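Enquirer: sequence first, then the predicted structure, then my questions.
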Amino acid sequence: MKLNDGDVSSGHGAGAFRMLVIDNDDADRELTIRHLGEAWPFEHEMVPDHAGTGHEALDKMRATRYALAVLDWRLPGMDGGEVLRIMRRERILTPVMVVSGIPRERIPENLALLGAVFPSKDGMDSVTLRDAIAAALHQLGLGRSLAA
């Protein structure tokens, strides 16, 4: 699948899907973007963007429409749960994959209720991410509309 590592504000084709990876760890963020590029299930170009904090992520999501957000659970200042709750309260309906080194059972939020899925960060590869992308889109009823 096609990956474009350019600036999301630049002029990409109408078929480009913008992705937001929210992670304060540079190495984890780059690994996630690489895996997303390998797993991307659409023929459309994937254009990654990133944010290092929940506040930065929310600002970006208020200004730009993203096809998918990949959200680390542990962020400085505002955790992933707070980011998700604010997103949904503000009607930001971007599909979300929560990734974390924290085991799923230690995350108290009902992620499905918040419209998010959880692939384990430790077992992340292109197959797990492809499945998680499909599940995240399905969670919000968007699977068919983006695949076209």
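Expert: Nice, thanks for sending it over. Residues are numbered from 1 along each chain as shown.
Enquirer: in a strand, Val21, correct?
Expert: Yes: checked against DSSP: H, G, I helix; E, B strand; the rest coil, Val21 lies within a strand.
Enquirer: wait, it touches Gly52, no?
Expert: No: with contact defined as C-beta atoms under 8 Å, Val21 does not reach Gly52; the gap is 9.9 Å. The way it works is simple: take the backbone N, C-alpha and C, and place the C-beta from them, glycine included.
Enquirer: and these two? Which one has more around it.
Expert: Counting neighbours by other C-beta atoms under 10 Å for Val21 and for Gly52 shows that Val21 has the greater number, 25 against 17.
Enquirer: and the more buried one, bridged to which residues?
Expert: His50, Val70 (DSSP bridges).
Enquirer: give the contact list for it.
Expert: By C-beta atoms under 8 Å, 6 or more residues apart in numbering, the contact list for Val21 reads Arg29, Thr32, Ile33, Leu36, Pro48, Asp49, His50, Ala51, Ala69, Val70.
Enquirer: hang on, isn't Met124 packed against His35?
Expert: Yes: counting by C-beta under 8 Å, Met124 does reach His35; the two are 5.7 Å apart.
Enquirer: tell me if I am right that Arg18 is in a helix.
Expert: No: using three-state DSSP, the assignment for Arg18 is strand, not a helix.
Enquirer: residues contacting the closest residue to Phe17 other than its chain neighbours?
Expert: Using C-beta to C-beta, 6 or more residues apart in numbering and skipping residues adjacent in sequence, the residue nearest Phe17 is Ala67, 3.7 Å away. With contact set as C-beta under 8 Å, 6+ apart, Ala67 has these partners: Phe17, Arg18, Met19, Thr94, Pro95, Leu146.
Enquirer: lowest pLDDT pick from these?
Expert: The lowest pLDDT within these belongs to Leu146, with 44.
Enquirer: by mean pLDDT, which helix or strand of this protein comes out lowest?
Expert: The weakest-scoring helix or strand in the chain, judged by mean pLDDT, DSSP states H and E, is helix 143-147 (a mean of 46).
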